[in-house]
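Chemist: just coords:
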């Protein structure tokens, strides 16, 4: 089984939803720098993933499969 890279999933989800890092930062109440850290990390806390999924209006299952589409 291949490991999921959360940052790659985020990049793909952002592209699919046409949301740039600055927009995502504003929606999630964080800084653009934090979004860049999320995008570069292979791992992500579940509550962070939930926050992102709520912001992008997608399910967690969709989020983790975005990098495989």
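Modeler: Perfect, I can see it now. Keep in mind that what you see is a predicted model, and the values were worked out from it rather than measured.
Chemist: pull out the buried positions in stretch 18-38.
Modeler: Buried residues in stretch 18-38, counted by 16 or more other Cβ atoms under 10 Å: 19, 21, 24-25, 28, 30, 35, 38. Just so you know, the C-beta spots here come from the backbone N, C-alpha and C atoms, and that holds for glycine as well.
Chemist: which one of the residues you listed is nearest residue 9?
Modeler: residue 38 (10.0 Å; Cβ to Cβ).
Chemist: excluding chain neighbours, what is closest to the closest one?
Modeler: Closest residue to residue 38 apart from its sequence neighbours, by Cβ to Cβ, 6 or more residues apart in numbering: residue 10 at 5.7 Å.
Chemist: please list all residues in contact with that neighbour.
Modeler: Contacts for residue 10 (Cβ atoms under 8 Å, 6 or more residues apart in numbering) come out as 38-39, 44, 52, 63.
Chemist: select from those residues every entry located in helices.
Modeler: 38-39, 52, 63 (DSSP state H).
Chemist: got a markdown table for those, with distance to residue 5 and pLDDT too?
Modeler: Listed next are the ones in helices among the contacts of residue 10 as a markdown table, based on distance: Cβ to Cβ, whole Å; pLDDT from 0 to 100:
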| residue | distance to residue 5 | pLDDT |
| --- | --- | --- |
| 38 | 12 | 98 |
| 39 | 10 | 97 |
| 52 | 14 | 98 |
| 63 | 12 | 95 |
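Chemist: need the max-distance pair from the residues you listed.
Modeler: Farthest apart among those by Cβ to Cβ are 39 and 63. That separation is 13.0 Å.
Chemist: from residue 52, how far out is the residue nearest in space to the middle of the chain?
Modeler: Centroid-nearest residue in the chain: residue 10, 2.9 Å away (criterion: Cα atoms, centre = their mean). Using Cβ to Cβ, to the nearest Å, residue 10 is found at 6 Å from residue 52.
Chemist: which neighbours do those two share?
Modeler: Counting by Cβ under 8 Å, 6+ apart, the residues touching both residue 10 and residue 52 are 38, 63.
Chemist: now the helices for the protein?
Modeler: All helices of the chain, identified by DSSP H, fall at 6-17, 21-28, 32-40, 46-56, 60-65.
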